[in-house]
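> Requesting a structural model of the entry that follows:
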Amino acid sequence: MQIAILVLEGVFDTGLSLLLDTFSTANELSGELVQRPPFLVRLVGVTESVSTQQGFQVPIEPASEIEVPDLVVSPALGEKSPELLARALERRDVRDAADQLTAWSESGARVAAACTGTYLLASTGLLDGLQATTTWWLGPDFRQRFTSVELDDTEMVVEAQGRVTAGAALAHVDLALWFVREHSPALARTTSKHLLVDGRPSQAAYAMSDHLAHSDPIVERFERWARQHLQDFSMACAAKAVGTSERTLERRLRKIMGLTPIAFVRRLRVERALFMLETTDDSVEKIAAAVGYGDGVTLRTLLRSQTGMGVRQLRRRQL
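Numbering: from 1, shown residues only. Okay, the predicted model is just below:
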């Protein structure tokens, strides 16, 4: 597979390194080096030179001078806030990169992106009408900016019609392993074990609702109230507390968070339960009662569905 990694000025160092290290490790472990490695990776750009966010020079080839690759990957931009990302999308090199992505896609290349690189991919329109994911804390901003994309920011990796997106920062390795697994599930397992990477099907176990980037006052008031009333949550009381109707509250939550109020409260309950599992020795039943559930079975089922992990795995995590 011919892979072009599209590197822009200020690229996130770790993201770029994870892509390169994962593909090179898979090549070394493939047992095919005497013939031809499965992944032929090239670093390409739309400017004469590129420096990473930390100031390291990256040797790149002109994107316009290479043949159409099988796969184009856009690693994360260095910017981490909605304001800085908005400015980055207006840069000349970012617009040129978007044009190059579109041209390669129209010529048959598959396209992929991780973390804030999904902003570049979404700006081309190539994700319109498709499911995608992005870094969890930018979900609300992404959803408002790219209204035609069906965003699920709980997922780690999402594939739709040949376009593959991955979540936050270290999800670059999940993205690379996704393509390694497509080539050979056995090679992906071996590579992940060498890199000490466990399966991470969801970002939900890592997301912190109070770090989500949005500036909607109704959503902010609702979140503060809901956190204080996880045990006795009521939609009617929530709407009254934030000074709006239930219908308006639901509409605003869907627009900003992509969730109903009940689903958002469920996310808050998961977040609180995860914190308690990691920081206390309380029983699952006691934690369930603390976050508003009548029994531990319900909480266990919810945690498994939201994080892809059981209680024992979650207790062992040290984040």
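
> Pop out the phi and psi values for residue 157.
phi -140, psi 130 (degrees, to the nearest 10).

> residue contacts, it?
Residues near residue 157 by Cβ atoms under 8 Å, 6 or more residues apart in numbering: 133, 164-167, 171, 174-175, 178. Every C-beta, even on glycine, is put in place using the N, C-alpha and C of the backbone.

> next one: residue 190
residue 29.

> any idea how far it is from residue 184?
9 Å (Cβ to Cβ, to the nearest Å).

> what's the neighbour count on residue 231?
11 (other Cβ atoms under 10 Å).

> Specify which member of the contacts of residue 157 is nearest to residue 254.
residue 133 (17.9 Å; Cβ to Cβ).

> and that closest one, backbone torsions?
phi -130, psi 170.

> Any stretches of the stretch 51-200 of the chain with poor pLDDT?
For the stretch 51-200 of the chain, the stretches flagged by pLDDT under 70 are 199.

> I'd guessed residue 71 sits against residue 19; true?
No: taking contacts as Cβ atoms under 8 Å, residue 71 lies outside contact range of residue 19: 11.0 Å.

> more neighbours, the two?
Neighbour count, other Cβ under 10 Å: between residue 71 and residue 19, residue 19 has more, with 24 against 20.

> Surely that one forms part of a helix?
Yes: with DSSP: H, G, I helix; E, B strand; the rest coil as the criterion, residue 19 is located in a helix.

> how much space between the closest residue to residue 151 other than its chain neighbours and residue 216?
Excluding the flanking residues, the one nearest residue 151 by Cβ to Cβ, 6 or more residues apart in numbering is residue 143, at 5.1 Å. Per Cβ to Cβ, residue 143 is found 11 Å from residue 216.

> swap in residue 176?
35 Å.

> who's more crowded, these two?
residue 176 (31 against 16).

> wait, residue 121 sits on residue 76?
No: the pair residue 121 / residue 76 is not scored as a contact, 11.3 Å apart, by Cβ under 8 Å.

> Would you mind identifying the next helix or strand past whatever helix or strand the residue nearest to residue 151 lives in?
Residue 143 is located in helix 139-145, with elements delineated by DSSP states H and E. Next in sequence after helix 139-145, counting helices and strands by DSSP H and E, comes strand 150-151.

> Contacts only, for residue 314.
205, 274, 277-278, 303, 307 are the contacts of residue 314 under Cβ under 8 Å, 6+ apart.

> Redo those residues as JSON lines? Include distance to residue 247.
Below are the contacts of residue 314 laid out as JSON lines (distance: Cβ to Cβ, whole Å):
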{"residue": "205", "distance to residue 247": "32"}
{"residue": "274", "distance to residue 247": "31"}
{"residue": "277", "distance to residue 247": "35"}
{"residue": "278", "distance to residue 247": "37"}
{"residue": "303", "distance to residue 247": "31"}
{"residue": "307", "distance to residue 247": "31"}
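
> For whichever strand or helix holds residue 303, name the packing helices and strands.
Here residue 303, judged by DSSP H and E, is contained in helix 296-307. On a contact count with 3 or more Cβ pairs under 8 Å, 6 or more residues apart in numbering; DSSP states H and E, helix 296-307 meets helix 261-279, helix 284-290, helix 311-316.

> Quick test: name the residue nearest the centre of this protein.
Centroid-nearest residue in the chain, with Cα atoms, centre = their mean: residue 167, separated by 1.3 Å.

> related to what we said a few turns ago, buried subset of the contacts of residue 314?
For those, a burial check counting by 16 or more other Cβ atoms under 10 Å picks out 205, 274, 277, 303, 307.

> quick one: the residue nearest to the centre of the chain and residue 137 touch, right?
No: Residue 167 is beyond contact range of residue 137, at 10.1 Å (criterion: Cβ under 8 Å).

> In this protein, what residue spans correspond to strands?
With strands called from DSSP state E, the chain shows them at 2-6, 40-45, 50-51, 57-58, 61-62, 71-74, 110-114, 131-132, 150-151, 157-160, 163-166.

> How far does the third one sit from its chain's centre?
It stands for strand 50-51. 24 Å (Cα atoms, centre = their mean, to the nearest Å).

> try the fourth one
Taking the mean of its C-alpha atoms, strand 57-58 sits 25 Å from the chain's own mean (Cα atoms, centre = their mean).

> Before I go, just wanted to say thanks for your time.
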